[in-house]
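Colleague: could you work out the structure for the sequence below:
(2 chains)
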Amino acid sequence: AQTVTQSQPEMSVQEAETVTLSCTYDTSESDYYLFWYKQPPSRQMILVIRQEAYKQQNATENRFSVNFQKAAKSFSLKISDSQLGDAAMYFCAYRSYNAGNMLTFGGGTRLMVKP
Amino acid sequence: GAVVSQHPSWVICKSGTSVKIECRSLDFQATTMFWYRQFPKQSLMLMATSNEGSKATYEQGVEKDKFLINHASLTLSTLTVTSAHPEDSSFYICSARDTLLDTQYFGPGTRLTVL
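Modeller: Numbering: from 1, shown residues only, chains lettered A, B, ... in the order given. Coordinates of the predicted model:
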């Protein structure tokens, strides 16, 4: 079974600064997807970014980018120019390429943004 | 992105009663939907995978007779918590898989409180 670990329960960043959230995972599969989801106080889960394991290029979405290290099974999220609206819980998630399409979530990191 | 709705957004019920939660994909068809449970300050735990027209697949430790899932159409899945008890109080989240985009979209969640 796959496991996803987020080692930082809480992180804090100053507004306009950059912060990196860590995620590691364990799998024996070679094809899979990785995701970062944001859960603001409303508790609505929002997809931030997605990475296919077969792609070497790191995914980028505006101020959000990932550092995907397949050999190290690491998938960190970098948030540039942090904004107050970025304050939320962030979950890293793994999905197998073939089986079931279910997501396995990490424990989450609470990001606080200081004005 | 695609929209998934949940109804109700919150519900309070007495111990021993049953509660039904609806999950609808509003602008796409979803052959697969997922039900998660989230305790305060914790991650999402997959309860079951709901497939249209067939029986749901439950995760280990989830009582299928207590958490009844019906996925009768391509846009609707329901979760019924039968004979609810206070320990069933939690935040329940559904997600629906858009087959064409191969992406899961999450509903806003339902807060269940059992007195």
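Colleague: wouldn't A:Leu21 be in contact with A:Glu10 here?
Modeller: No - using C-beta atoms under 8 Å, A:Leu21 is not in contact with A:Glu10, being 10.5 Å away. (Glycine included, C-beta is placed from N, CA and C.)
Colleague: neighbour count: the two, which is higher?
Modeller: Set side by side, A:Leu21 and A:Glu10 show more neighbours around A:Leu21, with 23 against 10, by other C-beta atoms under 10 Å in any protein chain shown.
Colleague: now stretch A:4-14: average pLDDT?
Modeller: In this model, stretch A:4-14 has a mean pLDDT of 97.
Colleague: stretch A:77-94 now?
Modeller: Taken as a whole, stretch A:77-94 has a mean pLDDT of 97.
Colleague: quick one: that stretch to chain centroid distance?
Modeller: Relative to the chain's own centre, stretch A:77-94 is displaced by 8 Å; criterion: C-alpha atoms, centre = their mean, to the nearest Å.
Colleague: buried sites along it?
Modeller: Buried residues in stretch A:77-94, defined by neighbour count with 16 or more other C-beta atoms under 10 Å in any protein chain shown: A:77-79, A:82, A:86-94.
Colleague: what residues does chain B have near chain A?
Modeller: The interface of chain B toward chain A, taken as C-beta under 8 Å from any C-beta of the partner chain, is made up of B:1, B:32, B:34, B:38, B:42-44, B:46, B:49, B:57, B:91, B:93, B:95, B:97, B:103-106, B:108-109.
Colleague: which ones among those are found in strands?
Modeller: Per DSSP state E, strands hold the following members of the residues of chain B next to chain A: B:32, B:34, B:38, B:44, B:46, B:49, B:57, B:91, B:93, B:95, B:97, B:103-106.
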